[in-house]
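# fold the following.
(chains A and B)
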Amino acid sequence: MQRSKKIVILGHFGVGKTSLIRRFVTNQFSDKYKVTIGVHITKKVVALTSEDSISLILWDLEGTDDLDQIRDAYLLGTHGIIFVFDISRPSTFQHLKTDLQIVSRKIPDRPLLIIGNKKDLVPEDELHETLNEHAIQYNYLTSAKTGDMVEEVFLDLANLLNKDA
Amino acid sequence: MLKKYEKEFIGSNCQFILADSNSVILESTPAFLPIKKGELLTDLHPFFECIPSLVSLPERVHSFYCIHLSIANSKYITDIQIRSIEKGQLVLIQDLTKHYNNYQAVAQARNESIINEELIVLKNVELEERELFKNLFIQNFSHELRNPLMSSIAVTQILSDTDLNTEQRQLVEVLRESNANLKLLLEDILSISMIASGKLELRHNLFNLAKLLELLAFTYRTKATSKGLTFEISVDNRVPEFVEGDRLRLFQVLTNLLDNAINYTEKGTVSLEVMFNQQWANKIHLHFVVSDTGRGIPEDRQGIVFESFSQLTLQDKEKGTGLGLALVKGLLALMESEIALKSAPGKGSVFSFDLGLKVPLSFERSATTQSPSKGTSRNIGKPDRKYKLLLVEDDERIQTLLFKVLMDTDQFYLDIINDGAQVLEQVIQNSYDLILMDINLPNTRGDHLTKIIRDFPFKNIKQLPIIGMTAFAYEDHLKTFKDAGMNKVLTKPFDKEELLSTIFAYL
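Numbers count the residues shown, from 1 in each chain, chains lettered A, B, ... in the order given. The predicted structure follows:
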């Protein structure tokens, strides 16, 4: 039987949450920024093996710099979390530690991946310099624009959720 | 009556759906969503896949706001309430698309504005960092160039004092002119960098404006004549002889404008006009105009001529670096003025600016005519006695050149040391009249040594005139050296006259 897992995608506004999902689900990208209000929910079935698959229900939440403001109802029944920040905008990761504490408080004991998106906008050497400078811990650096590492993020989380199940 | 309106409103915007515990739709009111009995709620939209996880929760009512639903090729933005009831779930969906679309537009504008503002700040930080790097590069570059240029100037000077035939003298003259151009270029680059980094400060002093204009008239008449041009100068007779301002910077502005005019004029006239605008109390406003009959500047290029390294054509590369007008613009901005340009191809160019200067209300000429060059050349060629100098310099080429220059005057005894650590011992054991001190020395720095000397308990040592020599040309460096107690700091490259006049000023 195919299982469904709810994943919430969180982060400040304009970090590329919607673009990451769009790239993963439809393999498309648009440079035009459209603010997400409320929640967009999409679904993608991911094959884990030739015989096993998992249905990911992706909740793309409205971005906010105050994560405490996220409505608790949106987070009910969450199985996994993707937290996204924008590598090219320090304000989206300057308080990463505090942001993650809030996330852990609101959704305890769930697998969490931390993603630095828009890696295409920052030169490689500057990118690591910036992340080291701010002591940023992350799981993946992605580019929704080029598609770099996007699939890997969702597959990784799908596998984590599969193990959890 | 109201029931009818209520039914109309609720009917079109609200939909009630009853589903069993397996999410099978049992009943639905007819509204905006096309829902059939027997369908699965979870097949309608992935949102409804959350319902099973709600059943186990203690709360019986769950409200979800601003949920985007795409159903049957239509998009809705809705508020959804899910109530756990005996038979399963009652789902109330309210279509608020219009309302949320309005909110979306507001959020879009707000977020875009915040992001743009942040990106502008980041861009500015990046530009500032680049500017800082550029200025640091110029500063280091200029520092590295000064010592070899100093050697070149000194060697040229020594050469020109030897017996030379006509051809050799002409070659030395070319060398001298190249050195002078290089020195000027170095000063221009440094000035522009200092203006950009806010490090250039104006020095207001009383100076003889009439003499400055006379000097310009003489210099540019000569230059113009040698190029077959006419030079004209006109000064309003109400322009005061003495004014208070930054003489050096005004001189830089006018020489750059006049050099530019002569460079770009092939025939005709270059002129300088100084007009009197008005006087309020002790402040006068003058209007300076530099005009030429050169080839002129097309209107679409007039903005860029004030940018660094800009030239109109490739051929212009031979006529200069393109720094002059950028420097003029920067200096005038510091003086709270602005350069104006009127020009047209084939009709020449007119550069003009207004300048506010102070004039002393009660002014005694005798008090001012002396000081700036006090004693500058008083003893050259007529020494009362020979003076004993200590030269502290680690660059052997500069040691040799200064030795030659100073010995040629036959007015000095000279001790030379190249290690800062030996200076104090040397000063205590000898009676020097003056120290020439380099700044960057092995083991210590010239300014640190000066500080130590100034703290000495013995008056004859404590008050020894110390002239610093440095390739650091930024004003804050020079201020640091003066604050350390140096009487004067010579910036490399300096020439023989500058060196000797400075030495004699303190003997």
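
# how about the nearest residue to the residue of chain A at minimum distance from chain B, chain neighbours excluded?
Going by CB to the nearest CB, chain B is nearest to A:G38 of chain A, at 2.4 Å. Heads up, the C-betas are built off the backbone N, CA and C, glycines and all. Among residues not flanking A:G38 along the chain, B:C66 sits closest, at 2.4 Å (CB to CB, 6 or more residues apart in numbering or on different chains).

# over to A:P111?
Spatial nearest neighbour of A:P111, chain neighbours left out: A:L160 (4.3 Å); criterion: CB to CB, 6+ apart.

# show the pLDDT at B:L212.
Note on B:L212: pLDDT of 90.

# wait, what's in contact with it?
By CB atoms under 8 Å, 6 or more residues apart in numbering or on different chains, the contact list for B:L212 reads B:247, B:250-251.

# want to throw those residues into TSV with pLDDT and distance to B:K347?
Output for those, formatted as TSV (pLDDT from 0 to 100; distance: CB to CB, whole Å):
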residue	pLDDT	distance to B:K347
B:R247	89	33
B:L250	94	27
B:F251	90	28
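
# most neighbours among those, which one?
In terms of neighbours by other CB atoms under 10 Å in any protein chain shown, those top out with B:L250 at 22 neighbours.

# got the CA positions of the helix or strand encompassing it in CSV?
Here B:L250 sits within helix B:247-263, counting by DSSP states H and E. The C-alpha trace of helix B:247-263 is given here as CSV (Å, rounded to 0.1, in the frame of the first residue of the first chain):
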residue,chain,number,x,y,z
ARG,B,247,45.3,77.3,-2.4
LEU,B,248,46.8,73.9,-3.5
ARG,B,249,43.4,72.5,-4.4
LEU,B,250,42.3,75.6,-6.3
PHE,B,251,45.6,75.5,-8.1
GLN,B,252,45.0,71.8,-9.0
VAL,B,253,41.5,72.6,-10.3
LEU,B,254,42.7,75.4,-12.5
THR,B,255,45.8,73.7,-13.8
ASN,B,256,43.8,70.6,-14.7
LEU,B,257,41.2,72.7,-16.6
LEU,B,258,43.9,74.8,-18.4
ASP,B,259,46.1,71.7,-19.2
ASN,B,260,43.0,70.1,-20.6
ALA,B,261,42.1,73.2,-22.7
ILE,B,262,45.6,73.4,-24.1
ASN,B,263,45.8,69.6,-24.8
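
# so what secondary structure elements neighbour the next helix or strand after that helix?
Scanning forward in sequence from helix B:247-263 by DSSP H and E, the next helix or strand is strand B:269-280. On a contact count with 3 or more CB pairs under 8 Å, 6 or more residues apart in numbering or on different chains; DSSP states H and E, strand B:269-280 meets helix B:209-226, strand B:230-235, helix B:247-263, strand B:283-292.

# contacting residues around the residue nearest to the spatial centre of chain B?
Nearest to the centroid of the C-alpha atoms of chain B, with distances taken as CA atoms, centre = their mean, sits B:A196, at 0.6 Å. B:A196 sits next to B:131, B:134-135, B:330 when contact means CB under 8 Å, 6+ apart.

# if we go to 6 Å?
B:A196 makes no contacts at all, as judged by CB atoms under 6 Å, 6 or more residues apart in numbering or on different chains.

# would you mind measuring from it to B:R83?
68 Å (CB to CB, to the nearest Å).

# give me the buried positions along the helix or strand that A:T18 is a member of.
Assigned by DSSP H and E, A:T18 belongs to helix A:17-26. Neighbour-count burial for helix A:17-26, counted by 16 or more other CB atoms under 10 Å in any protein chain shown, picks out A:17-24.

# what comes into contact with whichever helix or strand comes after it?
Counting by DSSP H and E, the next helix or strand C-terminal to helix A:17-26 is strand A:39-47. Outside strand A:39-47, the residues within contact range by CB under 6 Å, 6+ apart are A:25, A:53-61, A:74, A:158, B:46-47, B:67-68.

# drop anything exposed from the residues you listed.
Here, 16+ other CB under 10 Å leaves A:54-61, A:74, A:158, B:46-47, B:67-68 buried among the contacts of strand A:39-47.

# mind checking pLDDT for B:V290?
97.

# any idea what it is bridged to?
Counting by DSSP bridges, B:V290 forms beta bridges with B:L272, B:F351.

# ok, it to chain A distance?
Distance of B:V290 to chain A, given as CB to the nearest CB, to the nearest Å: 46 Å.

# the residue nearest to A:P111 sits in which helix or strand?
Assigning secondary structure by DSSP H and E places A:L160 in helix A:150-164.

# helices or strands up against that helix?
Judged by 3 or more CB pairs under 6 Å, 6 or more residues apart in numbering or on different chains; DSSP states H and E, the packing partners of helix A:150-164 are helix A:17-26.

# the helix it packs on near chain B anywhere?
No - counting by CB under 6 Å from any CB of the partner chain, chain B has no neighbours in helix A:17-26; the shortest distance is 10.9 Å.

# which residues sit against that helix?
A:9, A:11, A:28-29, A:36, A:42, A:44, A:58, A:60, A:84, A:144, A:147, A:150, A:154.
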